[in-house]
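Asks: Give the three-dimensional model of this entry:
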Amino acid sequence: MQARPISRRRFIQRVSLGAAQLAVLNTTSLSSAADRDTADSISCPYNEAPMTESHSESDEIIKEKIRRARLSGPPAVTRDATVAELHRDGSMTVLQKGTNHWVCVPGNENIIGQVDMCLDPMGMQWMMDVMARKPKPTNTAPGLIYMLNGAIQRSFTDPFDTTSPAIPIGPHWMILWPFDAKAAGLPTVMRDAGTLVMFAGTPYAHLHICGSPWDGNEYHPDDQVIRTLTYSRRRT
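Replies: This is a model prediction of the structure:
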């Protein structure tokens, strides 16, 4: 039977729903694992990186870094996540140990590209590969990274660009898997809302969704539907 074509709107809805379900499934399964193991004994990519405890900063500074890091993702995953500073050499300094597979990073607002974020194990593997400038990412399954406080980075076309003018980006989250922009019918230019394929045409191409997965209102059977109309530029 020949498959029916799918609209871009339906594609984005399905992908976003699938990613949200993946995050919930990860959280549920990892919560049960946390009852059996501590954060140090969980097997995931970031455990392979050198990790040290932070003792050189004041308690107030560390407390603020932890607070900021936990705002970078949804509370369902950040409240039990490990908070750690991620250094350029791939090592990490633990600020607060967690009990699930997620890691929240406070970043540094004064340095372009050092973003506060929340990563699952495959997302961390992908990020480590970018930092190591590997030819292609090595995550074996789709990864998730939340950057719900927004970000500043150099490029949306080259994952290794460190010199181009800074680009401000609003709250967003990413599905780290090699999406094909042409096949999906998705844009490849940075935008302030909606979805694009970032780093399109490179091994680091991934789905970049601008906004929180929880934006909008939930549907209930007795809700009133409000239809809106939007004008767009005339196509020539």
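Asks: could you pull out the strands for the protein?
Replies: 51-53, 82-86, 92-96, 103-105, 117-119, 143-147, 151-153, 167-169, 172-176, 194-198, 206-210 (DSSP state E).
Asks: tally of neighbours for residue 105?
Replies: The number of residues packed near residue 105 is 27, by other Cβ atoms under 10 Å. (Each C-beta comes from the backbone N, C-alpha and C, glycine too.)
Asks: Contact partners for it?
Replies: Applying Cβ atoms under 8 Å, 6 or more residues apart in numbering, one finds that residue 105 lies in contact with 69, 72, 83-86, 115-119.
Asks: For the strands of the chain, could you give me a markdown table that also reports mean pLDDT and distance to residue 62?
Replies: Converted to a markdown table, the strands of the chain look like this (pLDDT from 0 to 100; distance: least, Cβ to Cβ, whole Å):
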| stretch | mean pLDDT | distance to residue 62 |
| --- | --- | --- |
| strand 51-53 | 57 | 11 |
| strand 82-86 | 96 | 9 |
| strand 92-96 | 95 | 5 |
| strand 103-105 | 98 | 13 |
| strand 117-119 | 98 | 18 |
| strand 143-147 | 98 | 21 |
| strand 151-153 | 93 | 22 |
| strand 167-169 | 93 | 27 |
| strand 172-176 | 97 | 26 |
| strand 194-198 | 96 | 32 |
| strand 206-210 | 96 | 31 |
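Asks: Out of these, the one nearest residue 63 is which?
Replies: Among the strands of the chain, strand 92-96 comes nearest to residue 63, with 9.0 Å by Cβ to Cβ.
Asks: Mind telling me which residue is nearest the centre of this protein?
Replies: residue 145 (1.8 Å; Cα atoms, centre = their mean).
Asks: ok, and the closest non-adjacent residue to that one?
Replies: Closest residue to residue 145 in three dimensions, ignoring its sequence neighbours and counting by Cβ to Cβ, 6 or more residues apart in numbering: residue 123, at 4.2 Å.
Asks: Now for the residue lying closest to residue 163 once chain neighbours are set aside, how many residues are close by?
Replies: Leaving aside its sequence neighbours, residue 163 sits nearest to residue 154 (Cβ to Cβ, 6+ apart; 6.8 Å). Other residues lying near residue 154 total 17 when counted by other Cβ under 10 Å.
Asks: ok now do residue 154, which residues does it touch?
Replies: 112-113, 161-167.
Asks: separation between it and residue 113?
Replies: 6 Å (Cβ to Cβ, to the nearest Å).
Asks: got any residues that touch both of the two?
Replies: Joint contacts of residue 154 and residue 113 (Cβ under 8 Å, 6+ apart) are residue 162.
Asks: all helices for this protein, in order.
Replies: 8-34, 59-70, 75-78, 121-131, 181-184 (DSSP state H).
Asks: If you average pLDDT over each of those helices, which is lowest?
Replies: Among those, helix 8-34 has the lowest mean pLDDT, at a mean of 42.
Asks: that older thread, for the residue nearest to the centre of the chain, give its distance to residue 139.
Replies: 11 Å.
Asks: From the contacts of residue 154, list the buried ones, please.
Replies: 112-113 (16 or more other Cβ atoms under 10 Å).
Asks: Tell me how many other residues surround the residue nearest to residue 87 when sequence neighbours are not counted.
Replies: Sequence neighbours aside, residue 93 is the residue nearest to residue 87 in space, at 7.2 Å (criterion: Cβ to Cβ, 6+ apart). Here the number of neighbours of residue 93 (other Cβ under 10 Å) works out to 18.
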